[in-house]
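**Q** can't give you the sequence, but here's the structure:
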């Protein structure tokens, strides 16, 4: 059974700092990995998707990497801003297209002005 | 930009009552999903739907749950006899090609 773990559970940083969020998964037979943002009481906003054959994806100040063999992904946020404050969720899709996503518990990020 | 929509945003019901949660997926998407998130817990997969049938379901998705695509646009989740532990945020998601799953804003269900 796939298990997804995210470290740290919570992170508080000053504005402007670069930061890294970590995600690990137990079964490396994944199809892809998706990073989401969740604001309190709201839905999930997709940030980046990395296919299992890819090593990284970038969107603006966000960069996600994937090391499938070691079961790890990182989300790098450059020059953090207060508006980045949210919970960041990592989710993996197992072996085939269209399969379920298995989520981690998330990292709650607070960026202080 | 196309988005997944869900109604209602909030639903309060009595234990034992039936509820129907509604979703309108993104129009050209072919895969549809329901997930739920109990307060303070992980987002959990319930069921996926493709080609007018259930393609995968979790152990949570027992006989009290059902899904339907009654027309070309709506996708519904029915909970036949609600229990206190069904209280959660229910998310609908859809996927086209490529692989990104897009989530709706959720329906907060409270069972009293």
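**A** Received the coordinates, thanks. Nothing here was measured: the structure is a model prediction, and the numbers come from that model.
**Q** Quick one: name the residues of chain A near chain B.
**A** A:31-32, A:34, A:36, A:41-46, A:49, A:51, A:89, A:91, A:93, A:97-106 (Cβ under 8 Å from any Cβ of the partner chain). C-beta here means a position set from N, CA and C on the backbone, and glycine is covered the same way.
**Q** buried subset of those?
**A** A:31-32, A:34, A:36, A:43-44, A:49, A:89, A:91, A:93, A:98-106 (16 or more other Cβ atoms under 10 Å in any protein chain shown).
**Q** Identify those among the residues you listed that sit within strands.
**A** A:31-32, A:34, A:36, A:44, A:49, A:89, A:91, A:93, A:101-103 (DSSP state E).
**Q** Next, format those as JSON lines and append pLDDT.
**A** Shown next, in JSON lines, are those (pLDDT from 0 to 100):
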{"residue": "A:31", "pLDDT": "88"}
{"residue": "A:32", "pLDDT": "92"}
{"residue": "A:34", "pLDDT": "95"}
{"residue": "A:36", "pLDDT": "97"}
{"residue": "A:44", "pLDDT": "94"}
{"residue": "A:49", "pLDDT": "94"}
{"residue": "A:89", "pLDDT": "98"}
{"residue": "A:91", "pLDDT": "97"}
{"residue": "A:93", "pLDDT": "92"}
{"residue": "A:101", "pLDDT": "95"}
{"residue": "A:102", "pLDDT": "96"}
{"residue": "A:103", "pLDDT": "97"}
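**Q** Please report how far the most centrally placed residue in chain B lies from chain A.
**A** Against the mean C-alpha coordinate of chain B, by Cα atoms, centre = their mean, the closest residue is residue B:34 at 3.4 Å. Going from residue B:34 to chain A by Cβ to the nearest Cβ, to the nearest Å gives 10 Å.
**Q** contacting residues for residue 111?
**A** Assuming you mean chain A. Residues in contact with residue A:111, defined by Cβ atoms under 8 Å, 6 or more residues apart in numbering or on different chains, are A:13-15, A:17, A:80-85.
**Q** sorry, should have said chain B
**A** Residue B:111 neighbours (Cβ under 8 Å, 6+ apart): B:13-15, B:82-87.
**Q** Done for today, thanks.
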